[in-house]
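[1] Return atomic coordinates for the entry below.
(one chain, ligands or ions: 1)
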Amino acid sequence: MRRIVLVGYRGTGKTETGRELARHLNVPFLDTDHLAEEQAGRTIDEIFSTEGEARFREIEQAVIATLPARDAVIGTGGGAVTQPANMPHLRKDSTLILLTADPEVIAERIATAPRPPLTDLPAEEEIRKMLARRREQYAAALDFCIDTSNKTTKEAADLILRILKTGVPTPAARADGLTFFRGGRLSAPVLQRLEQILKNPPEDPKTRLVGVAGNPCLHSRGPNLFNALFKEHGLNYYYTFFEDPDIGRIMQQARALDLKGLSVTIPFKQSVIQHLDEIPDPAARQIGAVNTVVFACGKARGYNTDWLGVRAPLVGMKGAKAVLLGAGGVAAAAAYAMTGLEMDVTILNRTPEKAKELAKRSGCRWAAWNTFDALHPDLVVNTTPLGMEPDTRSPLATDQLYPELTVFDLVYTPPITPLIEQARAQGCTTITGTGMFAEQARAQFRLWFGIDLSASALRKYIP
Ligand code: NAP
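    Now for the predicted structure:
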């Protein structure tokens, strides 16, 4: 890793800590605000008051895009990480440290160094509001987090140097983590990589883990996809499998190993909620299921990106008459996406009480499984695991499918499921689970790393 990038709200100590760090590391200190002022030939205050914030962001973006790729400590402006275009440049081959401080401490620190106001609110209120507004962006822009409220510049710099040297997990947590992984069903190469990351002392203390939590989850395409993206974007991360019957145990390991994030899959999307500190995502709260956990500054926050993956291929079918097969965690996300597209949705499920309960919660209808033919929908969405490898069953018989029907199978292993094969044979329009997987993974990548990729940038890594 060549560069240490300090991010965070103004008044958290980026400039002083950055200078101190650079001195210790014997590398230059670059400050993006200072470089922007130099490039514009005016102070930030002047740019804000004459041309507005948008112009300042343009100048800042140009500065960040041309930062040198050599060893350096880089201090960034408080809003730099709110601009998605900046993130690939800031993240590439860099270690990002978020500096935080209590709002009252920030207010006191910046009282004597007035800067352009970002809102019309009094100082401390503005700080609280902006910190809440930028919560996701700061969480996505950190590899490590330091609270500077009660620290001198030297103490903050020393703590960063210690983290860079040893990482965050304790030797005991690394040993426990290894025991956890060795007790599972991981392949030899995966275990070997984890042994390199978790040995004591570690090979590179800055390497951090991300993973998929499920039971089972070894079928997940997540590791292939995310590890390829980490390589492409110069991110010092490794994505692996957290397979265990107990989500409590997985979350305990995740916290002890200082994970960046977890994808959550079968059967934990609901049960993970009791192990989280916050669910800031209104969609996850409404759906009642979490498929993405972001760990930041000691907090585990839950989000749902499944519904975005269901919604994306269906935006052209607004108002359709639809049948949803299944009433589990993903079905709740699908119902949320489909009702959001004003579809008339009927839920059919093996256990009818669950269909009834989800229908009530999500403003849909429900019916018995054997009423499918009478409903004659425009769209059927399968959220049951039927057809998922090694299962070769299909939730519907071939003669229940007709050419005007669009069939969306959320199962994506194999890419062409028995249901999709039958539907194609009957002349239906088909949507495979791979597209959904790519869309929901894209949203996860954005939540974890702040980088907004196109769906096709991800599709190239999904077989
Ligand atoms: P879940 O919460 O366990 O729910 C499974 C649902 O399927 C339940 O309604 C269950 O009915 C029903 N079901 C299970 N076995 C069945 C069977 N043999 N016959 C009929 N119905 C059956 O699981 P989930 O988290 O919603 O995930 C469901 C599927 O979505 C997974 O298999 C996965 O392949 C797919 N998925 C795809 C993506 C993607 O990106 N494409 C993402 C996530 C999940 P009961 O209520 O009767 O138990």
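[2] Going by C-alpha atoms from here, please, whenever you check contacts or count neighbours.
    Noted.
[3] Around the ligand, which positions in the chain sit nearby?
    Proximity of the chain to the ligand is assessed by CA under 6 Å from any ligand atom, with 265-267, 326-331, 349-351, 354, 383-386, 388, 410-412, 433-434, 436-437 identified as the residues in range.
[4] Now list the buried members of those.
    Buried residues within these, counting neighbours by 16 or more other CA atoms under 10 Å: 265-267, 326-331, 349, 354, 383-386, 388, 410-412, 433-434, 436-437.
[5] what secondary structure does Ala322 sit in?
    Assigned state for Ala322: strand (three-state reduction, DSSP: H, G, I helix; E, B strand; the rest coil).
[6] From what I see, it and Thr346 are in contact.
    Yes: using CA atoms under 8 Å, Ala322 is in contact with Thr346, at 6.3 Å.
[7] rewinding a little: please narrow the residues of the chain next to the ligand to those residing in helices.
    Here DSSP state H is the test, and the residues of the chain next to the ligand give 329-331, 354, 433-434, 436-437 as lying in helices.
[8] Identify the farthest-apart pair in the residues you listed.
    Based on CA to CA, the longest span within these runs between Lys354 and Thr434 and measures 26.4 Å.
[9] Helices of the stretch 1-150 of the chain, residue ranges please.
    Assigned helices in the stretch 1-150 of the chain, in chain order: 14-25, 32-40, 44-51, 53-65, 87-91, 103-110, 123-133, 135-140 (criterion: DSSP state H, counting those that start in this stretch).
[10] Rebuild those helices as JSON lines, extending it with mean neighbour count and distance to Thr76.
    As requested, these are arranged in JSON lines below (neighbours: other CA atoms under 10 Å; distance: least, CA to CA, whole Å):
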{"stretch": "helix 14-25", "mean neighbour count": "20", "distance to Thr76": "8"}
{"stretch": "helix 32-40", "mean neighbour count": "18", "distance to Thr76": "5"}
{"stretch": "helix 44-51", "mean neighbour count": "15", "distance to Thr76": "13"}
{"stretch": "helix 53-65", "mean neighbour count": "17", "distance to Thr76": "9"}
{"stretch": "helix 87-91", "mean neighbour count": "22", "distance to Thr76": "9"}
{"stretch": "helix 103-110", "mean neighbour count": "17", "distance to Thr76": "16"}
{"stretch": "helix 123-133", "mean neighbour count": "16", "distance to Thr76": "16"}
{"stretch": "helix 135-140", "mean neighbour count": "23", "distance to Thr76": "12"}
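[11] And those helices: which comes nearest Arg221?
    When those are ranked by proximity to Arg221, the top entry is helix 135-140, at 22.2 Å, counting by CA to CA.
[12] Tell me which other helices or strands the closest one touches.
    For helix 135-140, the contact count by 3 or more CA pairs under 8 Å, 6 or more residues apart in numbering; DSSP states H and E identifies strand 292-296, helix 433-449 as packing neighbours.
[13] Alright, calling it a day.
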